[in-house]
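[1] Okay, here's the prediction I keep looking at, along with the sequence it came from:
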Amino acid sequence: MKVVKLYKLGVVAVMSALFLSACATGPGTKAWYDQWGACAAGGAAVGIAAGATDDFDSAMVGAATGFVVGGAVCAFSDTDGDGVKNYKDDCRGSVAGAIVDERGCEKDSDGDGVVDRLDECPGTPQGAVVNERGCEMDSDGDGVANSRDRCPGTPAGAKVDQYGCELDGDGDGVVDSKDKCPGTAKGTVVDNSGCKLAAEYKLENVNFEFDSARLTPSSTATLNEAVKILKRHAGTKVEVAGHTDSQGSAEYNQGLSERRAQAVADFLIANGANASNISVKGYGESNPVADNGTKEGRAANRRVELRH
């Protein structure tokens, strides 16, 4: 008989342990006694008392009743104190004092993925990329958030305006960080270094195939820089002037200089220069800048210039 009673008490103890374990691991993050309270203690007490009187059925009923009551109490309680009952709380264990929505989850009013409690920059624009503090990213570190930055990728330390674009103190179209001649007079035509453009600006390293007006691939870099100048001074009229050395007949050289000048003008216009401001003229061999009697001199005379 004593063995039977011990067996029954063992079963009740196991049931009670399982019951209390369910309480401890139930909804919420607080300890089991905060979640289940009196129902857990009452259920266990009933089961143990019934087992002690050698009434195994009563022990089972007590344990089951305690389990059901405990579950009901837990479901309709608010373990984390956020104002949302456990059975509706999708985010149990919210931080004390946090503002939550109807699902018990912390609010993220601006929808940036950072809850209001941690958001140091509330009200970020929809779709803006933010950091862990909820503040918009500023990828180039110029102090202007990406969503407002019209000139991303500015160099480190460059001074920018409210739109994130580098300042151009003298208004010559060349930003201060690249301007080697700051303070140029208003209206001055400048090169890509911000310095006054020579009246006859030689396009260095612009070359053609032998006895042809076909540009070589190596000419592209220089011509692209020329396009930048012309775009920056869109109202400035320029002449593309072609020149040759003295080898060959004057008539032939005149035609070759015209064709080469036209090839350069075509490239400039195709890449965005204003066609209405560009004229073309060939000078043949008539305006040498060096001695045609030397190889070096002839190379210098074969040139294309921009005149303004």
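    Everything's here; your move. Just so it is clear, the structure is predicted and the values come from calculations on it, not from any experiment. Residues are numbered from 1 along each chain as shown.
[2] Domain map for this structure?
    Structural domains annotated on the chain: 2-75, 108-153, 198-307, as defined by automatic domain parsing.
[3] Confidence-wise, which of those is weakest overall?
    Lowest mean pLDDT of the domains of the chain: domain 2-75, a mean of 53.
[4] Buried residues, stretch 265-275. List them.
    Going by neighbour count (16 or more other Cβ atoms under 10 Å), the buried part of stretch 265-275 is Ala265, Asp266, Phe267, Leu268, Ile269, Ala273, Asn274. No exception for glycine: its C-beta is placed from N, CA and C like everyone else's.
[5] err, stretch 219-229, not the other one
    Ser219, Thr222, Leu223, Ala226, Val227, Lys228, Ile229.
[6] hang on, Asn224 in a strand?
    No: under DSSP: H, G, I helix; E, B strand; the rest coil, Asn224 sits outside any strand and is assigned helix.
[7] my guess is it contacts Asn271, does it?
    Yes: Asn224 is within contact range of Asn271, at 6.8 Å (criterion: Cβ atoms under 8 Å).
[8] rewinding a little: closest to Val144 among the buried residues of stretch 219-229?
    Ranked by distance to Val144 (Cβ to Cβ), these are led by Lys228 at 24.2 Å.
[9] and the closest one, what does it touch?
    Taking Cβ atoms under 8 Å, 6 or more residues apart in numbering, we find Lys228 in contact with Asn192.
[10] would a markdown table of the buried residues of stretch 265-275 with secondary structure be doable?
    Compiled in a markdown table, the buried residues of stretch 265-275 are given as follows (three-state DSSP):
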| residue | secondary structure |
| --- | --- |
| Ala265 | helix |
| Asp266 | helix |
| Phe267 | helix |
| Leu268 | helix |
| Ile269 | helix |
| Ala273 | coil |
| Asn274 | coil |
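[11] Which one of these is nearest to Gly187?
    Asn274 (17.2 Å).
[12] in the protein, which spans are helices?
    2-24, 32-35, 37-52, 56-75, 220-232, 250-270, 295-301 (DSSP state H).
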